[in-house]
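1. My questions are about this predicted structure, shown below with the sequence.
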Amino acid sequence: MWTHIWPAGLMSAAEVTRRALIGGGTALLLAGGAGAVAPPWITAPSGLFVNTVEDDVFTFRGIRYGTAERFRAPVAYATPGQIRQATAFGPVAPQAGSSYGPQSEDCLYLNVWTANPNTAAKLPVMVYIHGGAYSGGSVTDPLNDGHALAARGDVVVVTVNHRLNAFGYLYLARLDPRFPDSGNAGQLDLIVALKWVRDNIAAFGGDPGRVMVFGQSGGGAKIATMLGMPAAKGLFHRAATMSGQQVTASGPLNATARTRAYLAKLGVSESDLSPLLTLPQERLVAALDATDPILGGGVYFGPVLDMTWLTRHPFWPDANPQGLSVPLILGNTHDETRGFLSPDSDKVKGLTWDNLAARMAPELRIDILPEWVVAQYRAHFPAWSPTEVFYGATTAGRSWRGQVIEAEARARAGAPAWVYQVDFSSRTDPRRGAFHTIDIPLVFGTLGARGSQTGTGDDARRTSAAMQDAFVAFAKTGDPHHRGLKAWPRYDLAHRTTMIFDSVSQPEDDPRRWQRELFARVPYIQPGT
């Protein structure tokens, strides 16, 4: 491995060239071409980007794609003809309870990994949007590192940071006409990032006509939302949602009620929002623990049906027609709620048949008789423990349900969709099973990264290879099938074929049918909306 990092700051192209020719050393040697001189930067419409090269992968970190004033729509950022350093990650969106840093409102940065920065390469592009609901997360997490995926040589990988929580989704439009875009500002950041990809990615070896967006949890929900945003139309050509759905968006009345609760926590009057523009970001983050007036708990943030940027719900009353032509992969893990309801938490420790219904009720997030649910599970799965019933029911009723609804809606519309389920389970803490987020290192190939629980054994590598090959095939052609995987047909209501990703990956028709049908009798409302 060799790495060369140019000095910080902007400089003229002539000065960079002079330094490269005099002292650039091995950083200028192209892999596989001894003595060949590589350009010291990538020339793109929005600037000349100085990179690092790591194990033959050209890596560009911290490319600014936009700027934004607080609570307002972003503006694209470009410096044509200027040298820009792309050697360190940009700041992370401000958020509570996170180890990611540094944090700044000035967080509109993306990262690119490519093994072939040649305009003739025309590789498909995979753009990743991170999870963390709409309030946290970052693509600087080691699990999201694009190096291993790009090192295959058959895709260009892009990861994107954007505004979150109040900075990205505080809906102020009904209170102050100065902020008409505030409820969807975070979504608009992603749209500006995708426009940057459209206009610049060819210089990095990517094909702007084959852009796939993929995202886990909140990232998948953001993608489901963008499928129905007119401003995003044509900016991506395939999509994959990993444990992240958005059946409905937040209604403007509920969003306004949440805004009022948040303002009260800040001590800002809704009749004069001017203080919001000058309060330090730390104050805005500290107020995120305001009590949600609809759900209880911390205040919810998410995209808003503002009738400007989002004019109908993503998957209600059906799949938004705008997105039907975009091939879509929908995935979930078998044990979603084991990822955010810890086996060591007070909600799970000491579960018995006597307290199971009471503890499970608020975690189902639907209005169903919990005692009846427990009785049904005990009758159908007599060998299951209270803990197994708790996780099985909360996953099926709360986390998996949105994906089923979206897949069914696509099937009814005749739109191309493929469904997967990850059964590969934690190798470091078996109690967590195939928990929420375990598919991230499997797709990125970051099996040994900090935070991964896949292990690095042969079984993990086989599962990862199957998922990577499917995602890359999908990015290339709009169909995830490849020679190393058994036939993976489109999802339809007759068979509900689902690819089970595990150490041996294979399709299965209608897995967990009984659980699906159990909860299908109760209306589902997207949590938070």
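-> Everything's here; your move.
2. can we go C-alpha only for contacts and neighbour counts from here?
-> Will do.
3. Contacts only, for R401.
-> Contact analysis of R401 by C-alpha atoms under 8 Å, 6 or more residues apart in numbering lists R516, F519, Y524.
4. of those, closest to P441?
-> Proximity of the contacts of R401 to P441 (C-alpha to C-alpha) peaks at R516, which lies at 27.3 Å.
5. Would you map the helices across the stretch 151-300 of the chain?
-> Assigned by DSSP state H, counting those that start in this stretch, the helices in the stretch 151-300 of the chain fall at 165-169, 185-200, 218-226, 252-266, 281-286.
6. now those helices as JSON lines including mean neighbour count, distance to R378 and mean pLDDT?
-> Shown next, in JSON lines, are those (neighbours: other C-alpha atoms under 10 Å; distance: least, C-alpha to C-alpha, whole Å; pLDDT from 0 to 100):
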{"stretch": "helix 165-169", "mean neighbour count": "27", "distance to R378": "40", "mean pLDDT": "98"}
{"stretch": "helix 185-200", "mean neighbour count": "24", "distance to R378": "43", "mean pLDDT": "98"}
{"stretch": "helix 218-226", "mean neighbour count": "27", "distance to R378": "32", "mean pLDDT": "98"}
{"stretch": "helix 252-266", "mean neighbour count": "20", "distance to R378": "37", "mean pLDDT": "97"}
{"stretch": "helix 281-286", "mean neighbour count": "16", "distance to R378": "43", "mean pLDDT": "97"}
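7. so what does the strand ranked longest in the chain touch, helix or strand wise?
-> For the chain, the longest strand by residue count, based on DSSP state E, is strand 206-216. Applying 3 or more C-alpha pairs under 8 Å, 6 or more residues apart in numbering; DSSP states H and E, we find strand 206-216 packed against strand 123-129, helix 185-200, helix 218-226, strand 238-242, helix 458-477.
8. which strands and helices sit next to the shortest one?
-> Going back to what we said before, that points to strand 238-242. Using 3+ C-alpha pairs under 8 Å, 6+ apart: strand 238-242 touches strand 206-216, helix 218-226, strand 328-333.
9. and for that strand, what are the contacting residues?
-> Counting by C-alpha under 8 Å, 6+ apart, 210-217, 219-221, 223-224, 326-332, 439, 474-475, 478 sit against strand 238-242.
10. could you redo the last one with a cut-off of 6 Å?
-> The contact list for strand 238-242 (C-alpha atoms under 6 Å, 6 or more residues apart in numbering) reads 212-216, 220, 326-332.
11. Equivalent analysis for stretch 128-148, please.
-> Under C-alpha under 6 Å, 6+ apart, the answer for stretch 128-148 is 95, 157, 159-160, 164-165, 213-219, 302, 441, 445-446, 449.
12. quick one: average pLDDT of that stretch?
-> Regarding stretch 128-148, the rounded mean pLDDT is 97.
13. Can you give me the end-to-end span of it?
-> End-to-end distance of stretch 128-148: 14 Å, with C-alpha to C-alpha, to the nearest Å as the criterion.
14. ok so, going back, could you dump the helices and strands packed on strand 238-242 into CSV with distance to L149 added?
-> Listed next are the helices and strands packed on strand 238-242 as CSV, based on distance: least, C-alpha to C-alpha, whole Å:
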stretch, distance to L149
strand 206-216, 13
helix 218-226, 18
strand 328-333, 18
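15. can you tell which of these is closest to E371?
-> Distance to E371, taken as C-alpha to C-alpha, is lowest for strand 328-333 among those, at 25.5 Å.
16. can you give me the angle the closest one makes with helix 218-226?
-> With axes from the mean of the first three to the mean of the last three C-alpha atoms, to 10 degrees applied, the angle from strand 328-333 to helix 218-226 works out at 150 degrees.
17. who does strand 328-333 pair up with?
-> strand 238-242 (parallel), strand 417-422 (parallel) (DSSP bridges).
18. Take the ones you listed and write them to CSV, including mean pLDDT.
-> Formatted as CSV, the strands paired with strand 328-333 follow (pLDDT from 0 to 100):
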stretch, mean pLDDT
strand 238-242, 98
strand 417-422, 98
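19. What mean pLDDT does stretch 441-448 get?
-> Mean predicted confidence for stretch 441-448 is 98.
20. my bad, should have said stretch 60-70
-> Stretch 60-70 carries an average pLDDT of 98.
21. chain center to it, what's the gap?
-> How far stretch 60-70 lies from its chain's middle: 18 Å, per C-alpha atoms, centre = their mean, to the nearest Å.
22. For it, buried residues please.
-> For stretch 60-70, the neighbour count (16 or more other C-alpha atoms under 10 Å) marks F60, R61, G62, I63, R64, Y65, G66, T67, A68, R70 as buried.
23. and these as CSV, adding secondary structure and distance to P343?
-> Converted to CSV, the buried residues of stretch 60-70 look like this (DSSP: H, G, I helix; E, B strand; the rest coil; distance: C-alpha to C-alpha, whole Å):
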residue, secondary structure, distance to P343
F60, strand, 39
R61, strand, 37
G62, strand, 37
I63, strand, 40
R64, strand, 40
Y65, coil, 41
G66, strand, 41
T67, strand, 42
A68, coil, 41
R70, coil, 39
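24. Let me know which of the strands paired with strand 328-333 is tucked in deepest.
-> strand 238-242 (a mean of 27; mean count of other C-alpha atoms under 10 Å).
25. Any idea how many residues pack against G183?
-> Residues lying near G183 (other C-alpha atoms under 10 Å) number 34.
26. how far away is A68 from P74?
-> 4 Å.
27. just to revisit the earlier point, what's the average pLDDT for the longest strand of the chain?
-> Strand 206-216 shows a mean pLDDT of 98.
28. One more: stretch 299-311?
-> Per-residue pLDDT over stretch 299-311 has a mean of 97.
29. That one spans what distance, first to last residue?
-> Using C-alpha to C-alpha, one end of stretch 299-311 lies 23 Å from the other.
30. Show me what it is in contact with.
-> If you take C-alpha under 6 Å, 6+ apart as the criterion, stretch 299-311 is touched by 134, 165, 169, 183-184, 229, 249-252, 290-292.
31. tell me the contacts of the residue positioned nearest the centre of the chain?
-> Central residue of the chain (C-alpha atoms, centre = their mean): G219, 2.2 Å from the mean position. By C-alpha under 6 Å, 6+ apart, the contact set of G219 is I129, H130, G131.
32. From P489, how far out is V127?
-> Distance from V127 to P489, counting by C-alpha to C-alpha: 24 Å.
33. Neighbour count for those two, which is higher?
-> Neighbours were counted for V127 and for P489 using other C-alpha under 10 Å; V127 has more, 25 against 19.
34. and that one, what are its bridge partners?
-> Taking DSSP bridges, one obtains V158, V213 as the residues bridged to V127.
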